[in-house]
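J.: give the three-dimensional model of this entry:
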Amino acid sequence: MPDSQNKRQQLSPERYARLKTESQAPYRGLRKTIYIALGASGCIGAFIFLSQLAAGRDVASALPNLALQIGVVALMVGLFRWEQKAEGR
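T.: Predicted coordinates:
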């Protein structure tokens, strides 16, 4: 036991706190990166379908696809904010 206490004392308090929070919620950074990537993908898709609607091409299929892309972006924003809130606790 004295060896583990000695190692903990060698760590700075900030680093110890960061490692402790990382051990409580592993892969938080990876999840946030995935949320950003999927949200960006949804934005690109929404832009494409919005362009199709503006051009008047295939409106019957572009409108539901645009709604789906907007839903994906909203979901990713919500999940990212939820992750941020959990990180602040």
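J.: show me what counts as buried in the top helix by length along the chain.
T.: If you go by DSSP state H, the chain has its longest helix at helix 59-88. Residues of helix 59-88 classed as buried: Ala62, Asn65, Leu66, Gln69, Ile70, Val72, Val73, Met76, Leu79, Phe80, Glu83 (neighbour count, 16 or more other C-beta atoms under 10 Å). Every C-beta, even on glycine, is put in place using the N, C-alpha and C of the backbone.
J.: separation between the fifth one and Ala55?
T.: Which is Ile70. For Ile70, the distance to Ala55 equals 18 Å [C-beta to C-beta, to the nearest Å].
J.: Gly78 too?
T.: Distance from Gly78 to Ala55, by C-beta to C-beta: 30 Å.
J.: which helix or strand in this protein has the lowest average pLDDT?
T.: helix 2-10 (a mean of 60; mean pLDDT, DSSP states H and E).
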